[in-house]
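Novice: structure, please.
(2 chains)
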Amino acid sequence: MNSIAVTGLGLVTSHGDTPDAVFAAMMRGESAVQPVFPELPKPAAAATVAFDQSRWFTKLQLAGVDRVSQLAVAAADLAMKDAGAAGDIDPERIGVYAGCGMGGAAALEAAYRSGGRVPPLTIPAFMPNAPAAHVAMRQKALGPVLTYSVACASSAVAIAEAAKAVQSGEVDVAIAGGTEALIVPGVVLAWQAMQTLASFNPGEAASSVRPFSLDRTGFALGEGAAFVILESAERARRRNARVYACLAGWGISCDATHLTKPDVPGQARALRAALRRADLKPRDVGYCNAHGTATRIGDVIERDALAEVWGNDLDHLSVSSTKALHGHLLGAAGALEAAITVLALQHRQLPPNANCTEIDPACRMNLVTRTGVAAPQLEVALSNSFAFGGTNAVLLFKRA
Amino acid sequence: MSSLKELQDLIHEKYGIDMSELDPSASMREKGLDSLALVEFLFAVEDHFHINLPDVDSNVDTLAELAVVVDRVRAAKAAA
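Specialist: Residues are numbered from 1 along each chain as shown, chains lettered A, B, ... in the order given. Presented below is the predicted three-dimensional model:
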């Protein structure tokens, strides 16, 4: 099997836009979750990005480009520059594989609030495939330019699909990842109505997301974009590219049981499929960046799925959910967490499972409870993304 | 009364197009404002002058032509 190399990372996140800064903040257990929209009846918190549009766009270029696409263009550009991959690629051999859950939420909300004078560029700003199209225009990618909208698994699925395209030789270089920017009042209200967001006391927003903790109450929304550059290990070697890690396996399954209720067998199928594709055993894996949304039901199901597949080896698997720190990026979550997983492998350090004051006995496993944990033996790590709709995606990375 | 200067200021403010490039007789479409972006610009024009523009003739392609339309609407409003 052709090995797939990760040769570039591009992050535009609440913790900054360089991989090292983001990973260092993760290792310190720094939360970017903070209160938003004080005018809403119920307190809301989210992790937002301090984004300087002018670094990437002229004012004229911004006409009709929603924030979700702006973040994507920036992150994909950072990834391409990081990989040093541009220049010698046939543009027809570059593909863009972008995950996005919601599309241009701000454009839609602005249209509703426009008092009837709806901006004529609302539709092209809102459409969920706009980010991928803008990335393609910016990078002159003439190959497949595709969008995957699979809720919280969108960008993990996008990365897996990109890996398949690289592996089959359909493209030489894949720009794969995801973007999400839906921190607008209407969308926050909708998520609150779903009873999935963490509640918190005044002044405690930063610690409101507590994955696997007995007192967890849900997640906080996050925005951002993350892209990786995938190419064959052979191509990476030929051009002397730095390889962060190899994407050794991926598994995609569907629960096919319920739209929003997670399912142990479905998640276990995706985990097993990823291990099988990588030809690895559970014991080979040292770290899992969990989906870990800190919902009452979700965390227990994920723990049980890991326990089912890992069996007696569960204690060898260190687990943390970094959503406590960067929030839930939905369509971009899989890509950001894949990048964090890759950086954990590269640095051989494990980001903490922050804010977990007392582990829920039903979530008993080897959580990374402290900050600054080194893992000198770490060789393989995985990232879980489990979506509304029942689609489960697991990405398995191996040290280069 | 000519609205041209204010329109130039507005387009500069909104799109960052340099004053020296704002030739009143040049095609706005060729400056990168396609027909949809132009409609969004017209919203800004309406807000700025507190006027309601008629559905602008699609032949309006230069800033000078737009200024004529805006002048007319403003004059009509002042007379009303």
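Novice: going by C-alpha atoms from here, please, whenever you check contacts or count neighbours.
Specialist: Noted.
Novice: which helix or which strand is home to residue 75?
Specialist: Going with chain A. In this structure, residue A:75 sits in helix A:67-83 according to DSSP states H and E.
Novice: let me rephrase: I mean chain B.
Specialist: helix B:63-79.
Novice: so for that helix, mean pLDDT?
Specialist: The pLDDT scores in helix B:63-79 average 92.
Novice: sorry, back to before: after the helix holding residue A:75, next one along is what?
Specialist: strand A:94-99.
Novice: the residue nearest the centre of chain B and chain A, how far apart?
Specialist: The centroid of chain B falls nearest to residue B:66 when counting by C-alpha atoms, centre = their mean (4.6 Å). In this view, residue B:66 and chain A are 18 Å apart by C-alpha to the nearest C-alpha, to the nearest Å.
Novice: thinking that residue is in contact with residue B:60, fair?
Specialist: Yes - contact criterion C-alpha atoms under 8 Å: residue B:66 and residue B:60 qualify, at 6.1 Å.
Novice: any idea how many residues pack against the one residue in chain B that gets nearest to chain A?
Specialist: Nearest residue of chain B to chain A: residue B:15, at 4.3 Å (C-alpha to the nearest C-alpha). Residues lying near residue B:15 (other C-alpha atoms under 10 Å in any protein chain shown) number 17.
Novice: ok, it to residue A:62 distance?
Specialist: Using C-alpha to C-alpha, to the nearest Å, one gets 8 Å for the distance from residue B:15 to residue A:62.
Novice: now do the helix or strand of chain B with the lowest mean pLDDT: which elements does it pack against?
Specialist: Lowest mean confidence among the helices and strands of chain B (mean pLDDT, DSSP states H and E): helix B:35-49, at a mean of 86. Taking 3 or more C-alpha pairs under 8 Å, 6 or more residues apart in numbering or on different chains; DSSP states H and E as contact, the helices and strands that helix B:35-49 lies on are helix B:4-15.
Novice: tell me which residues of the helix it packs on come out buried.
Specialist: The neighbour-count check on helix B:4-15 (16 or more other C-alpha atoms under 10 Å in any protein chain shown) flags B:4, B:7-8, B:10-12, B:15 as buried.
Novice: and that helix with helix B:63-79, angle?
Specialist: Going by axes from the mean of the first three to the mean of the last three C-alpha atoms, to 10 degrees, helix B:4-15 is angled at 110 degrees with respect to helix B:63-79.
Novice: now do the same contact list for the residue nearest to the centre of chain B.
Specialist: Contacts of residue B:66 were listed using C-alpha atoms under 8 Å, 6 or more residues apart in numbering or on different chains, and they are residue B:60.
Novice: and if you look at residue A:122?
Specialist: A:64, A:107-108, A:111.
Novice: how about the residues of the stretch 1-150 of chain A near chain B?
Specialist: The stretch 1-150 of chain A has residues A:58-61, A:63-64, A:119-121 near chain B, with proximity defined as C-alpha under 8 Å from any C-alpha of the partner chain.
Novice: show the buried residues in these.
Specialist: The buried subset of the residues of the stretch 1-150 of chain A next to chain B - by 16+ other C-alpha under 10 Å - is A:60, A:63-64, A:119-121.
Novice: what lies in contact with stretch A:95-102?
Specialist: A:128-129, A:131-132, A:135-136, A:141-152, A:154-159, A:161-162, A:171, A:173-180, A:182, A:330-332.
Novice: got the residues of chain B near chain A?
Specialist: B:14-17, B:32-33, B:36-37, B:39-40.
Novice: now tabulate the residues you listed in TSV and tack on distance to residue A:44.
Specialist: TSV is the format used below for the residues of chain B next to chain A (distance: C-alpha to C-alpha, whole Å):
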residue	distance to residue A:44
B:14	32
B:15	34
B:16	35
B:17	38
B:32	39
B:33	38
B:36	35
B:37	34
B:39	35
B:40	32
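Novice: just give the nearest non-adjacent residue to residue A:83, would you?
Specialist: Using C-alpha to C-alpha, 6 or more residues apart in numbering or on different chains and skipping residues adjacent in sequence, the residue nearest residue A:83 is residue A:8, 4.1 Å away.
Novice: which strand or helix spans that neighbour?
Specialist: strand A:4-12.
Novice: what's the angle between that strand and helix A:67-83?
Specialist: If you take the same axes, to 10 degrees, strand A:4-12 sits at 130 degrees to helix A:67-83.
Novice: strand A:4-12 pairs with which strands?
Specialist: strand A:224-232 (antiparallel), strand A:245-254 (antiparallel) (DSSP bridges).
Novice: what is the mean pLDDT for the helix or strand following it?
Specialist: Under the assignment DSSP H and E, the closest C-terminal helix or strand after strand A:4-12 is helix A:19-28. In this model, helix A:19-28 has a mean pLDDT of 98.
Novice: okay, buried residues for helix A:19-28 please.
Specialist: Counting neighbours by 16+ other C-alpha under 10 Å, the buried set in helix A:19-28 is A:19, A:22-28.
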